[in-house]
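# need coordinates for the following:
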Amino acid sequence: MSQTDGAQQNGHASKAELDANQGGNHNKKTYHKQATGLAWETVQAHSSDNDLKLYGSCFCPFVHRVWISLEHKGLDYQYVEVDVYRKPKLLLDINPRGLVPALRHGDWGCYESTVLMEYLEDLHQGKPLLPKDPKQRAESRLWSDHINRHIIPLFYRYLQAQDANDQASYAKELTEQIAKLVSAADSNGPFFLGSKLTFVDVQMAPWVIRLEKVLKPYRGWPDPEPGSRWEKWVRAIEANDAVKKTTSDDDLYLDSYERYAENRPNTSQVQAAINNGSGMP
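A predicted model of the protein is given here:
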């Protein structure tokens, strides 16, 4: 399938191809089913069969984490695009819940983005993301937990909120939680622990990208303050080769997250969990 053919499946789907999250309206945009831009080039470069396979969906930030890790380490792997809303058997065989990312290594499979990042570290192949120092490793895990517990849920609450007052409240909370993370970072940077990309940077990177490509157009998220430590970190993440090679063109994110911005039913398990006030799936 060419990139053009794949693009025709995205955005405005035909009536016969409506996704559940479009609410019966073919004019509503839906999630993309194929990467674009530099990410598409990376998919093509990793399309051959390999013992190490990443099952992912091109729009998913949790997949993005593991994908960045693989590229940073320079590992040999196969990227396999799956439609998680149709839950193919090859995905269910690894994760019965049918969620991505999922990794298969030989006859073994596992899932959950942070767990998979730890697994790749434990292979001791390629460039490490966790530092050698035990204290810094513990701090990296601590602040990764902060991202997962506080920053990510607030990102979705802010994006899904339809009331202007709720949006303002979540924007304030998200700003505060990001500020806590920045205050824990190395003062010089540009990355969390200093001059090199490490574990916390990759944990945060997909949401740094989506603050710009999703929250900015849909909710008016501001650019980082010029000269601030946050701006320095954001620009370093955006310029990182592994991040760039796994990031699609802007339209993929704008189209794929319209359903979150409108808080449509059947958007995702993440959306439902946020609306129900339960933990992330």
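# mind showing which ranges of this protein have poor pLDDT?
The model of the chain has pLDDT under 70 over residues 1-16.
# which stretches of this protein form strands?
11-12, 29-30, 52-56, 78-81, 102-105, 108-111 (DSSP state E).
# partner strands of the third one, with direction?
In this case it means strand 52-56. strand 78-81 (parallel), strand 102-105 (antiparallel) (DSSP bridges).
# tell me which of the ones you listed sits most buried.
Most buried of these by mean neighbour count (mean count of other C-beta atoms under 10 Å) is strand 102-105; its value is a mean of 22. (Glycine included, C-beta is placed from N, CA and C.)
# neighbours of P281, how many?
Neighbours of P281 under the rule other C-beta atoms under 10 Å: 12.
# repeat that for L197.
L197 has 23 nearby residues by other C-beta under 10 Å.
# how about it, what does it touch?
Applying C-beta atoms under 8 Å, 6 or more residues apart in numbering to L197 gives the contacts 72, 129, 191, 236-237, 240, 242.
# out of these, which two sit at the greatest distance?
Greatest spatial distance among the contacts of L197 (C-beta to C-beta): L129 and A236, at 14.7 Å.
# of the two, which one has the most company?
Shown here are L129 and A236; by other C-beta under 10 Å, L129 has more neighbours (23 against 20).
# and that one, how far from E238?
Distance, L129 to E238, by C-beta to C-beta, to the nearest Å: 18 Å.
# on that earlier part again, list just the one of the strands paired with strand 52-56 that sits closest to A261.
Among the strands paired with strand 52-56, strand 78-81 sits nearest to A261 (C-beta to C-beta), with 23.5 Å.
# and the closest residue in space to W221 that isn't next to it in sequence, how many residues sit next to it?
Leaving aside its chain neighbours, W221 sits nearest to L215 (3.7 Å; criterion: C-beta to C-beta, 6 or more residues apart in numbering). Here the number of neighbours of L215 (other C-beta under 10 Å) works out to 20.
# pretty sure L215 contacts Q160?
No. Using C-beta atoms under 8 Å, L215 makes no contact with Q160, being 11.4 Å away.
# now for the longest helix seen in the chain, which elements pack on it?
Secondary structure of the chain per DSSP state H: the longest helix is helix 164-184. The criterion is 3 or more C-beta pairs under 8 Å, 6 or more residues apart in numbering; DSSP states H and E, and the helices and strands that helix 164-184 contacts are helix 134-146, helix 152-160, helix 229-239.
# burial measure for the closest residue to L211 other than its chain neighbours, as a count.
Leaving aside its sequence neighbours, L211 sits nearest to W221 (C-beta to C-beta, 6+ apart; 5.4 Å). Using other C-beta under 10 Å, W221 has 18 other residues around it.
# how about Q271?
20.
# that older thread, nearest to N266, out of the strands paired with strand 52-56?
Of all these, strand 78-81 comes closest under C-beta to C-beta, at 20.7 Å.
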